[in-house]
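>>> Provided below are the primary sequence and the corresponding predicted coordinates.
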Amino acid sequence: MFFKRIESKGLAHYSYMIGDKGKMLVIDPKRDIEIYLEVARQEGLSIDYILETHRNEDYIVGSIELRRMTGAKIYISDHEDLGHVYGEKIRDGFEIKLGDLIFKALHTPGHTLGHLSFALYEKDRSTPYMVFTGDSLFMGDLARTDFYGEEKLEEMTGLLYDSIFKKLLPLGDDVIVMPAHGAGSACGQSMEDRPYSTLGYEKKYNQQLQDESKEAFISRFGTMRVRPKYFEKMKVLNVKGAEPLGLGMNLPPLSLEQIADEDILILDCRPKEAYYGGHIPGSLHMGPDNLSAFLGTILELDTPFAFMVDESQMDVLEDLYFQSRRIGFENIRGFLTNGIDRWEISEKNLDTLSTITPEEFLILETDYTLLDIRKETEKSEDDPKKNRISIPLEYLVEKYKEIPMDKPVYVLCASGSRSATGASLLKNFGYDSYVVSGGILAFRKIR
């Protein structure tokens, strides 16, 4: 048996390649499909089947493009009619044979009504070896159940409970769990950063599985959560099909004149310290590790933008490009080379972004606003609260007008990474913004 997990960093998305006897299937492929073609060539396997666990909202699935390149048959759920223009619909109990392997579809609604998991059986064995749980059971967490709105929240949460306790856990304690996401995904809330798990381990240690009853689970777990605005566009693209992405990166170098003439936003992806020291006015800081998680919540999908990175880090451009394309950004104009040097040569002034240490912040005597851009689940009772306004970074573009403009704004996150993005965004909106360096982790070290 051949097995490979493909991780899309930033999105924390997992897709899977499983093969046997010359054939292979792919579960939940990402939009940039070159990796699947390359692995299949290296292993001497043909890609014959593509399985989708559910309609995704956080990234564009690559099923149609992978089928176009391989002729593979796509299977999607028949338990929910979404108007798909592609794929053969399957239901609970459907089986695919792949050499000596059998994949069995399990209807596991909760995250979506049509959600499927896939149990992998080896020849002549009654207990599965693995189960691909999609967006139902994660490592240390469960899938969000709020995508159908508050009026359906109780129903969907109850369905998820039944899917976990009546469909997945009874498969057996030794069955290996293979979810569609890992720690950092917007589809969960408290995923643990572990590479592997089993159903028995999750049953014992997953804090979301410890309620005494279904009613208690629904009451506790059924909550509305932050929903990035680009999710709606992803939902449509994953039903109607996105434009072909093609193979390889198409990203031309741009001049400062092109940036200005075409009103292109500069997405400054250099280290935050470099941005603090000097950046092109109007540019937005976005660290590569945060791009997938927050770009779609800050910019409209049709925004024209260009990347800027350190000249020593040009190798990250391809990753930035594909991260953006996976979540639907189609108007990436190119990249800016030697941007800071060229700006200074043109005798224009750079902007800076100021920082403040926790020690300096605690002795401030002037009036201020502390903007906490963490999620509620990240906070604790001993965090600083004076003059605090809480707006998660995902909501900042929608709610920044709630922040007073007549006093400085100190932006706080866990480590300072998100704060650099939030403070740069506020500065572009006209605020006097500062980054609390080191974030809450630095605060906790001095207390």
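Structure received. Numbering: from 1, shown residues only.
>>> and residue 319, how far is that from residue 75?
From residue 319 across to residue 75, the span is 30 Å (CB to CB, to the nearest Å). The C-beta positions use only the backbone N, C-alpha and C, and glycine is treated the same way.
>>> actually residue 222, not the one I typed
30 Å.
>>> Look at these two and report which has more neighbours.
Applying other CB atoms under 10 Å to residue 222 and residue 75 shows that residue 75 carries more neighbours, namely 23 against 20.
>>> what's the longest helix in this structure?
Counting residues, the longest helix in the chain under DSSP state H turns out to be helix 417-428.
>>> buried ones in that one?
Of the residues in helix 417-428, 418-427 count as buried by neighbour count, 16 or more other CB atoms under 10 Å.
>>> Looking at those residues, spot the one nearest residue 445.
Proximity of these to residue 445 (CB to CB) peaks at residue 419, which lies at 16.5 Å.
>>> and that closest one, what pLDDT?
Confidence at residue 419, expressed as pLDDT, is 97.
>>> I'd guessed it sits against residue 436; true?
Yes: applying CB atoms under 8 Å, one finds residue 419 in contact with residue 436, separated by 6.2 Å.
>>> shared neighbours of the two, which are they?
Here residue 419 and residue 436 have 411-412 as joint contacts, going by CB atoms under 8 Å, 6 or more residues apart in numbering.
>>> Now do residue 185, the pLDDT please.
64.
>>> Strands of the stretch 1-150 of the chain, start to end?
2-8, 13-20, 23-27, 46-51, 73-77, 88-90, 95-98, 101-107, 116-122, 130-134, 137-138, 141-142 (DSSP state E, counting those that start in this stretch).
>>> Please work out which of the ones you listed is packed deepest.
Per-stretch averages of neighbours, counted by mean count of other CB atoms under 10 Å, single out strand 137-138 among the strands of the stretch 1-150 of the chain, with a mean of 30.
>>> avg pLDDT for it?
Averaging pLDDT residue by residue across strand 137-138 gives 96.
>>> Can you list the helices and strands that that strand packs against?
Helices and strands touching strand 137-138, by 3 or more CB pairs under 8 Å, 6 or more residues apart in numbering; DSSP states H and E, are strand 176-179.
>>> Tell me which helix or strand comes right after the strand it packs on.
Sequence order places strand 197-198 as the next helix or strand after strand 176-179, per DSSP states H and E.
>>> what comes into contact with the lowest-mean-pLDDT helix or strand in the chain?
Here the helix or strand of the chain ranked lowest by mean pLDDT, DSSP states H and E is helix 231-240, holding a mean of 77. When contacts are defined by CB under 8 Å, 6+ apart, helix 231-240 is touched by residues 55-61, 82-85, 296, 301, 327-328.
>>> what do you get if the cut-off is 7 Å, keeping everything else the same?
Contact partners of helix 231-240, identified using CB atoms under 7 Å, 6 or more residues apart in numbering, comprise 55-61, 82-85, 301, 327-328.
>>> Dump those residues to JSON lines, plus neighbour count.
Output for those, formatted as JSON lines (neighbours: other CB atoms under 10 Å):
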{"residue": "55", "neighbour count": "22"}
{"residue": "56", "neighbour count": "24"}
{"residue": "57", "neighbour count": "22"}
{"residue": "58", "neighbour count": "25"}
{"residue": "59", "neighbour count": "29"}
{"residue": "60", "neighbour count": "23"}
{"residue": "61", "neighbour count": "27"}
{"residue": "82", "neighbour count": "16"}
{"residue": "83", "neighbour count": "7"}
{"residue": "84", "neighbour count": "20"}
{"residue": "85", "neighbour count": "8"}
{"residue": "301", "neighbour count": "18"}
{"residue": "327", "neighbour count": "24"}
{"residue": "328", "neighbour count": "21"}
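>>> List the buried residues for stretch 258-266?
Under the neighbour-count criterion of 16+ other CB under 10 Å, stretch 258-266 has 259, 264-266 buried.
>>> ok, residue 102 touching residue 118?
No: contact criterion CB atoms under 7 Å: residue 102 and residue 118 do not qualify, at 10.2 Å.
>>> hmm, back to that, in a markdown table: the strands of the stretch 1-150 of the chain, plus distance to residue 175.
Listed next are those as a markdown table, based on distance: least, CB to CB, whole Å:
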| stretch | distance to residue 175 |
| --- | --- |
| strand 2-8 | 14 |
| strand 13-20 | 15 |
| strand 23-27 | 16 |
| strand 46-51 | 17 |
| strand 73-77 | 21 |
| strand 88-90 | 21 |
| strand 95-98 | 17 |
| strand 101-107 | 12 |
| strand 116-122 | 8 |
| strand 130-134 | 5 |
| strand 137-138 | 11 |
| strand 141-142 | 17 |
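>>> Residue 399: which of the ones you listed is closest?
The nearest among those, by CB to CB, is strand 141-142 at 26.1 Å.
>>> Please state the mean pLDDT value computed over stretch 20-37.
95.
>>> Need the residues that contact stretch 165-184.
By CB under 7 Å, 6+ apart, stretch 165-184 touches 12-14, 16, 28, 53, 106, 108, 117, 119, 127-139, 187-188, 191-193, 196-200, 202-203, 293.
>>> Contacts only, for the residue nearest to residue 66 when sequence neighbours are not counted.
Spatial nearest neighbour of residue 66, chain neighbours left out: residue 33 (4.7 Å); criterion: CB to CB, 6 or more residues apart in numbering. By CB under 7 Å, 6+ apart, the contact set of residue 33 is 62, 65-66, 69.
>>> same deal with residue 91?
78-79, 107.
>>> Tell me the one among the residues you listed nearest to residue 7.
The nearest member of the contacts of residue 91 to residue 7, counting by CB to CB, is residue 107 at 26.5 Å.
>>> where's the closest residue to that closest one other than its chain neighbours relative to residue 64, distance?
Nearest residue to residue 107 in three dimensions, chain neighbours excluded: residue 92, at 3.8 Å (CB to CB, 6+ apart). In this structure, residue 92 and residue 64 are 24 Å apart, going by CB to CB.
>>> So if I had to pick from those two, which one is more boxed in?
Applying other CB under 10 Å to residue 92 and residue 64 shows that residue 64 carries more neighbours, namely 23 against 15.
>>> Based on its surroundings, how many neighbours for residue 339?
25.
>>> measure it to residue 314 for me?
Taken as CB to CB, the span from residue 339 to residue 314 is 12 Å.
>>> Overlap in contacts, the two.
By CB under 7 Å, 6+ apart, no residue touches both residue 339 and residue 314.
>>> Residue 119 touches residue 128, doesn't it?
Yes: between residue 119 and residue 128 there is a contact at 4.1 Å, judged by CB under 7 Å.
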